[in-house]
Structure formats: C-alpha cells, structure tokens
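J.: Okay, structure incoming, though there's no sequence with it:
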C-alpha cells in the first residue's frame, strides 16, 4: 500500500561577509519540504534537521573557496528497495549588499550510497530574479560533482528553488545487493563581484518576463512551416543559451512542442537536438529576441 508523508521546516535568516569583495550575502525565507513515499520500499528521511552554524552556514575561506555557500548537512537521506522515493525541495532568497553583486553559481550534492540498477539522485535547480525572470535552470546529479555557472549578468537578489529526487525503481534480485541511493549534503555557492552588469530585461518598469514556444517537426518540404502530414518529433533536447551560458534545457513533448517561461526580455540562442543523439546529426541553432511580457515562437 502506497503512503506519502509530507513535512516542512523553516530556518532563520543567515548572513555572511565575502572575504574577497567585502560584500554581504543574506539568505532569507529559507524553507525545506519533503514528500516521502513508501510502497514496499524503505525511506530514511532527514527531517527534522539540526540547524547550526557549522552544518548550515555561508562559509568563505579565501585560500580554499572563492565563493560563499549555503549548505544543508548533518543528515542522511536514503531510499532502499523499489517503490520508494523521497522528494526534497529547498527554497530561499539570496541578497547581495555592501557594494557587491552575484555573478556566478556553484551547486553540488554529496552522494553517500549508490548501489544496484534503477537508482536516481538528481536535483533540478531553478534560479529567478525579483521579477520572476528565469536566470538559470539545470540538473545536478550526485555523480557529477560540482556544477559551476558563470552568469551573463549581475544580480542583487535571486530566488532559489532546488528539487531533489531520490528513488529506486529496479526490483530486488536474489544474490545481488539491495538497490539503494542516498545523500548527506547539498550546497549552493555564489560568486560575487563589485562591478555591476544588470540584465537588460531585469527588474524595472517595462521589463516583464516573456515566453519562448515552438515545435520540432518533420519538415518534409523544407519550407519552415508545419503543414498537414508533418508530424511533431517527441523527445528532442532543446537548450536555451544567453551567450555561452545555459539558461535552461527541456525536451519536446509527444507532439513535438516545447516552451521556456519566465524568460527575461533580450536576445537568446535556441539549440535543438544533441548531435548524434536526436533526429539530426548536427544541432539546429537559431537566434531569438524575447519581448518584454511577450511570446516568441521558434520551430525546428
């Protein structure tokens, strides 16, 4: 019998002074929630957390870390055997002050257990500005180590949401180790600079988030228009770039459609397909301009 238990926990605000710039990072509205599902499997959930300056803190040591980080640790979250999962969501706002601006991100998961087939440990991190514009979105896996992102613009304030999934889907096989997955730390780091370079579609009058939509389809007559008989292509990877920075990645649905929402006004590159993986041997790249509060269509 499947059962899901949902819990939440809130934390006090935290602040740290950056040793390189003298800027101050303040982390506020810090919350974590978890949904634990068991259906024959076992799930060991960390809530309630023990929160203190050592396990949960923004720490900067100039000799070893050029960024300030927010860390949840001091727990063990683990799923064993199939039909069990844990979904954790970490949310907070980070504000830079005292003459500093955020211009880079780092993320990592500390994986402790990874045994057998059919195990999943992944985090989807979504970063938006105060107007709801998408700044960055990406997937972090426990095996990937640290993910570093250089932002194309600088920000005084960002909203962070990290959704972590632990799951086991493979059955237990006689004579083989029981499949399990677990982790004990999640960190988000921030680079600071004293040089402001605000996004052109960032917070301010007339700057509202926009949307990019489109369809990947079989263009039989190569005229760039989807017509009767030209079906959509499902499962195509679509990547949104600002310069060389990946803003987000998605895949087309069963009808070949995709979308990016809450995108700051400005110029972007949309890349369809992964060479050697999707329908084309080379990726299709197109430039788009997102109007403030508007929608632009880009098909492949």
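T.: That came in fine, so what should we check first? Model, not experiment: these values are computed from the prediction. Residues are numbered from 1 along each chain as shown.

J.: use CA for all of it now, contacts and neighbours both
T.: OK.

J.: Go ahead and name everything in contact with the helix or strand where residue 36 lies.
T.: Using DSSP states H and E, residue 36 maps to strand 24-38. Strand 24-38 is contacted from outside by 1-18, 43, 45, 68, 83-98, 100, using Cα atoms under 8 Å, 6 or more residues apart in numbering.

J.: same thing but 7 Å
T.: For strand 24-38, the external contacting residues (Cα atoms under 7 Å, 6 or more residues apart in numbering) are 2-18, 43, 83-98.

J.: so how far is it from its chain's centroid?
T.: Offset of strand 24-38 from its chain centre (Cα atoms, centre = their mean, to the nearest Å): 14 Å.

J.: Go through the contacts of strand 24-38 and flag which are in strands.
T.: Counted as lying in strands by DSSP state E, out of the contacts of strand 24-38, are 3-10, 14-17, 43, 84-97.

J.: What's the ChimeraX line that selects buried ones from those?
T.: Restricted to buried positions by 16 or more other Cα atoms under 10 Å, the ChimeraX selection for these reads:
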select :14,15,16,17,43,84,85,86,87,88,89,90,91,92,93,94,95,96,97
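
J.: Would you agree residue 185 is in contact with residue 107?
T.: No: counting by Cα atoms under 7 Å, residue 185 sits too far from residue 107 to count as a contact (10.8 Å).

J.: Between these two, tell me which one has more neighbours.
T.: Between residue 185 and residue 107, residue 107 has the larger neighbour count (other Cα atoms under 10 Å), namely 24 against 19.

J.: quick check, distance from the strand or helix carrying residue 102 to the centre of its chain.
T.: Following DSSP H and E, one finds residue 102 within strand 101-115. Here strand 101-115 is found 10 Å from its chain centre; the criterion is Cα atoms, centre = their mean.

J.: for the record, mean pLDDT for the helix or strand just after it?
T.: Beyond strand 101-115 on the C-terminal side, the first helix or strand identified by DSSP H and E is strand 119-128. The pLDDT scores in strand 119-128 average 84.

J.: in strand 119-128, what's buried?
T.: Per 16+ other Cα under 10 Å, strand 119-128 contains these buried residues: 119-123, 125-128.

J.: Output the contacting helices and strands for it.
T.: Counting contacts by 3 or more Cα pairs under 7 Å, 6 or more residues apart in numbering; DSSP states H and E, strand 119-128 packs against strand 134-141, strand 157-168, strand 180-193.

J.: Do you know the pLDDT at residue 93?
T.: On the pLDDT scale, residue 93 gets 91.

J.: residues in contact with it?
T.: Counting by Cα under 7 Å, 6+ apart, residue 93 touches 27-29, 158-160.

J.: let's see it at 6 Å
T.: 27-28, 158-159 (Cα atoms under 6 Å, 6 or more residues apart in numbering).
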